[in-house]
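Q: Quick one, structure for this:
(one chain, ligands or ions: 2)
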Amino acid sequence: MDKGFPKDILFQTMEERIKYFENKTIAHPMLVNSYKDLMDKIDVAVKGKVLLVYGPSGVGKTTLFLKVRDQFFKKYYNDMIQDKGIIPVLSVETFAPEDGKFDWIDFYSEALRNLEEILIDEKRLPLSDMGVTLPIKPNEKTKRKLRKSLENAIKYRKVKVILIDEAQHMTKVGSAKGLRNHMDAIKSLASKFGVPIILFGTYELLSLRNINGQLGRRTRDIHFPRYNSEFPKEIEAFKNVLWVFQKHIPLQDEPDLLSDWKYFYKHTVGCVGTLRDWLYDTYHYSMKLNEKTKTLTLTDFKKFEPTIDQAYTMAEEITKGEKHLLAKREEKADKLDSWLKLDQVDEKEDKKRMTNKRPGERKPMRDRTGTDLFR
Ligand SMILES: Nc1ncnc2c1ncn2[C@@H]1O[C@H](COP(=O)(O)OP(=O)(O)OP(=O)(O)O)[C@@H](O)[C@H]1O
Ligand SMILES: [Mg+2]
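A: Ligands and ions are numbered 1, 2, ... in the order given. Sure thing, here's the model as predicted:
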């Protein structure tokens, strides 16, 4: 049973109360499941794998990204103490391209800057001492040189995983061929260093999937969904998230958000990050207005609510993304059966053949397939 915020918080300064709520992360089921699914898939991700983590805007993808980053720093903490050269995680955020096309020069520079920042924070050996030239003015360098620098940096720093947030910007290319080239570039980074690359982004990332069969084999998906009100269990989970939040807003009298769960759901479309920002803005504002505010009511929340227009747009994007995800999956499965003629295999006959073999008769294909061949 969640007891909510520690009661002594109420005796702390207004800034500290605000900070408490600001830093509070709720381990809700969708976040925990996505985290576990992702960590399982990273664990077995072999050389060259690209993992795609996608979900609606404001669901908590960056929160998951930061959690995975922290986890990797923890995992390699001892190695980092022993070898000052190691930086286990390269994490980069990509930006919306100004001219509509994703800019690799920006990306490589940002990645290198990121490694350099860690070096400064951790007082590590500068990359230049290790034969890596850092771009001072990125535009003066060609894309190839920057890429080479990044490749060297990844090698020398023994980077174990590359995390890219807002990766949907990488899909901005203008043509299917361009998209394939982008995916090839990402994939070759991953296979060259034998590290998994994890792309976090909105459903737009889905266009990087299934570009062709070879790429399809190299990607793994992790879906981080919102709470969907079509399913009673998810409504219950959303209500529980709301209840936990209301218990953690440091106020003398606990606000009652739960009774109005439909209102909060409607304006956030079931996305926890959007909900948290809304609650935080309301609390922050009320505290600044009057730090002795005892509780918050619907009137307070209305001021900062995501508007119906915004919620409508979010819902539209989500529905489109979810549809894209499930797009004709059953139809495709049936088509696959028919292409592969699996639908013409008589199940009963097949079973009979497998069980009624004559003594000494070998099972079909046993000689040519199976693990024995590779012993
Ligand atoms: N489980 C959580 N508990 C508390 N706060 C959360 C949680 N998940 C997300 N938040 C907060 O909600 C806000 C939005 O979340 P976040 O940035 O992770 O979402 P996002 O999916 O990356 O959104 P976008 O699509 O806009 O990039 C952030 O301020 C984040 O700290
Ligand atoms: Mg984000």
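
Q: What residue in the protein comes nearest to ligand 2?
A: Relative to ligand 2, the nearest point of the chain is residue 62 (3.3 Å; Cβ to the ion). Yep, even glycine has a C-beta here, placed from its N, CA and C like the rest.

Q: element containing that residue, please.
A: Assigned by DSSP states H and E, residue 62 falls within helix 61-75.

Q: what's the next helix or strand after that helix in contact with?
A: For helix 61-75, the following helix or strand on the C-terminal side (DSSP H and E) is helix 77-82. Contact with helix 77-82 is made by 73, 86, 87, 88, as judged by Cβ atoms under 8 Å, 6 or more residues apart in numbering.

Q: Return the distance of the first one relative to ligand 1.
A: According to Cβ to the nearest ligand atom, to the nearest Å, residue 73 stands 18 Å off from ligand 1.

Q: burial count for that residue?
A: Residues near residue 73, counting by other Cβ atoms under 10 Å, number 15.

Q: Show me how far the helix holding residue 62 is from its chain's centre.
A: 10 Å (Cα atoms, centre = their mean, to the nearest Å).

Q: Test my guess that residue 112 contacts residue 152.
A: No - using Cβ atoms under 8 Å, residue 112 makes no contact with residue 152, being 9.9 Å away.

Q: Tell me which of the two has more neighbours.
A: residue 112 (24 against 16).

Q: Please, which helix or strand holds that one?
A: Judged by DSSP H and E, residue 112 forms part of helix 104-122.

Q: and after that helix, which helix or strand comes next?
A: helix 143-156.

Q: May I see the buried residues of that following helix?
A: Buried residues in helix 143-156, counted by 16 or more other Cβ atoms under 10 Å: 146, 147, 149, 150, 151, 152, 153, 154, 156.

Q: mean confidence for the helix holding residue 112?
A: For helix 104-122, mean pLDDT is 74.

Q: What of stretch 271-290?
A: Here the average pLDDT along stretch 271-290 is 98.

Q: Name the helix or strand for the closest residue to residue 67 other than its chain neighbours, please.
A: Of all residues not flanking residue 67 in the chain, residue 35 sits nearest, at 6.1 Å (Cβ to Cβ, 6 or more residues apart in numbering). Taking DSSP H and E as the criterion, residue 35 maps to helix 29-43.

Q: how far does the helix or strand just after that helix sit from the chain's center?
A: Downstream of helix 29-43, the next assigned helix or strand under DSSP H and E is strand 50-54. From the chain centre to the centre of strand 50-54 is a distance of 7 Å (Cα atoms, centre = their mean).

Q: shift numbering so it begins at 22
A: Understood, numbering begins at 22; the last thing we discussed is strand 71-75.

Q: Contact residues of this structure facing ligand 1?
A: Residues of the chain lying close to ligand 1 (Cβ under 6 Å from any ligand atom) are 45-47, 49, 52, 78-84, 223, 293-294, 297-298.

Q: quick one: low-confidence parts of the stretch 222-371 of the chain?
A: Within the stretch 222-371 of the chain, the segments meeting pLDDT under 70 span 231-238, 349.

Q: circling back to that earlier point, so the residue nearest to residue 88 is in contact with residue 90, correct?
A: No - using Cβ under 8 Å, residue 56 is not in contact with residue 90, being 11.9 Å away.

Q: so which of the contacts of helix 98-103 is the most crowded?
A: residue 108 (23 neighbours).

Q: Need the per-residue pLDDT for it.
A: Taking residue 108 on its own, its pLDDT is 89.

Q: Return the residues in contact with residue 260.
A: Contacts of residue 260 (Cβ under 8 Å, 6+ apart): 279, 282.

Q: quick check, it in a strand?
A: No - checked against DSSP: H, G, I helix; E, B strand; the rest coil, residue 260 lies outside a strand; its state is helix.
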